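# got a sequence here, can you model it:
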Amino acid sequence: MRGKAQANNLLLQRYLKLAAEKLSMVKATLPPPVKPLDGGSYKPHSLSLRDILTKGQRATTMKERVDLIEKGLMKVYLEGGNRLLSKVTMDERHFRNCEILGRRR
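Numbering: from 1, shown residues only. Take a look at the predicted model:
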């Protein structure tokens, strides 16, 4: 049994030596990394999914936010003072105006 273990140990040492030689040969044959032509450092371009999907489209403009409650155009009532039972009322002509503004032209 002892002779078999020594033989396996020798085989393992030979294998590791050959593997180390092969690895050093591979490292020696690899070409050096290519430097950028402009002399700067290489920076990979990272695009977000939004950038990819909206490529070539013009940027959307932010719509103005209006507080309708503050302007008095909309009112909120609480039934019995319960916050979970709120009712919102708005004049119909203001509602139609908001509906028209919300549509895309």
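
# only C-alpha atoms for contact and neighbour calcs from this point on.
Will do.

# show me where the chain has helices.
For the chain, the helices defined by DSSP state H cover 2-29, 49-53, 68-71, 92-102.

# closest to Leu84 out of these?
The closest of the helices of the chain to Leu84 is helix 68-71. By CA to CA, the value is 18.1 Å.

# show me what that closest one packs onto, helices and strands only.
If you count contacts as 3 or more CA pairs under 8 Å, 6 or more residues apart in numbering; DSSP states H and E, helix 68-71 packs onto strand 74-78.

# okay, now the sheet partners of the strand it packs on, with direction.
Using DSSP bridges, strand 74-78 pairs in its sheet with strand 86-90 (antiparallel).

# still on that earlier bit, out of the helices of the chain, which gets nearest to Gly80?
Here helix 68-71 is closest among the helices of the chain (CA to CA), at 20.2 Å.

# hmm, who's touching that closest one?
With contact meaning CA atoms under 8 Å, 6 or more residues apart in numbering, helix 68-71 is reached by Met74, Lys75, Val76.

# the last one against Leu84, yeah?
This means Val76. No: the pair Val76 and Leu84 does not pass the contact test of CA atoms under 8 Å, sitting 11.8 Å apart.
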